[in-house]
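> below are the sequence and a predicted model; questions follow.
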Amino acid sequence: MKEEAAARMQEFLDGGFTTVQSCGDVPQQIVELQKQLNAGTIKGPRLFTAAFVQLSRPPAGAPAGPPSVDPARTDPSRPSNRPRAAAGAIPDDATRASVRQLKQAGVDVVKAVLSTTPGGPEEHTLSVVIDEAKKLGMPVFVHAVSVNDTLVAVRTHPTVLV
């Protein structure tokens, strides 16, 4: 952020952009950038921040915690990468706490990447995320790639389907 934020934000302004929506970032970094933009420390467009929430536990050996990059870029929903076994469930209270943590961090939008697993918990967990986010006045953006993932997302009624 120190090296590039000011130049990148200026590029958006030069391109005519007055508002930018982040698509899932590290909460502390994107919220700090938003604060600097709002304070006028960095010149740039209005910024709406987004950060990821997990919908299931990763398989054994995979890193735990929110993704460090947009999981949609790794495209786990397409064959042959498509999961073949149910992912582990995350308790509802932990899911709700994750959404509250994003709100407390100053994030504007909850982002979820939906890659359902056979018999997995993702639809239920996404419903919990959406319920908690609505209570907090936060929109939920869901990135769904496959037809099945999209149908699951539609049933949960996110704010935005990407």
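It's in. Note that the coordinates shown come from a computational prediction; the quantities given were computed from them, not determined experimentally.
> name the residues that touch the helix or strand hosting N38?
With elements delineated by DSSP states H and E, N38 resides in helix 27-39, which encompasses its position. The set of residues that contact helix 27-39 without belonging to it, under CB atoms under 8 Å, 6 or more residues apart in numbering, is 1, 5, 9, 22, 42-47, 49-51, 102, 105-108. Placement of C-beta: from N, CA and C, glycine included.
> enumerate the positions of it that are buried.
P27, I30, V31, L33, Q34, Q36, L37 (16 or more other CB atoms under 10 Å).
> go on, stretch 103-114?
Burial within stretch 103-114, assessed by neighbour count using 16+ other CB under 10 Å, is assigned to K103, V107, D108, V109, V110, K111, A112, V113, L114.
> kindly export it (C-alpha atoms) in PDB.
Listed in PDB are the C-alpha atoms of stretch 103-114, where the atom choice follows Å, rounded to 0.1, in the frame of the first residue of the first chain:
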ATOM      1  CA  LYS A 103     -18.200  -5.400  10.500                       C
ATOM      2  CA  GLN A 104     -16.100  -4.400  13.500                       C
ATOM      3  CA  ALA A 105     -13.000  -4.100  11.200                       C
ATOM      4  CA  GLY A 106     -14.900  -1.600   9.200                       C
ATOM      5  CA  VAL A 107     -15.600  -3.700   6.100                       C
ATOM      6  CA  ASP A 108     -18.600  -2.600   4.000                       C
ATOM      7  CA  VAL A 109     -19.400  -5.900   2.200                       C
ATOM      8  CA  VAL A 110     -19.200  -9.600   3.100                       C
ATOM      9  CA  LYS A 111     -17.800 -11.600   0.100                       C
ATOM     10  CA  ALA A 112     -18.200 -15.300  -0.200                       C
ATOM     11  CA  VAL A 113     -17.000 -17.600  -3.000                       C
ATOM     12  CA  LEU A 114     -19.400 -20.500  -3.300                       C
END
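> what about that stretch, distance to the chain center?
Offset of stretch 103-114 from its chain centre (CA atoms, centre = their mean, to the nearest Å): 6 Å.
> quick one: mean pLDDT for it?
In this model, stretch 103-114 has an average pLDDT of 93.
> identify all contacting residues around it.
Contacts of stretch 103-114 from elsewhere in the structure, counted by CB under 8 Å, 6+ apart, are 21-24, 27-28, 30-31, 34-35, 48-53, 55, 67, 70-72, 99, 102, 122, 126, 129, 133, 136, 138-144, 149, 152-153, 158.
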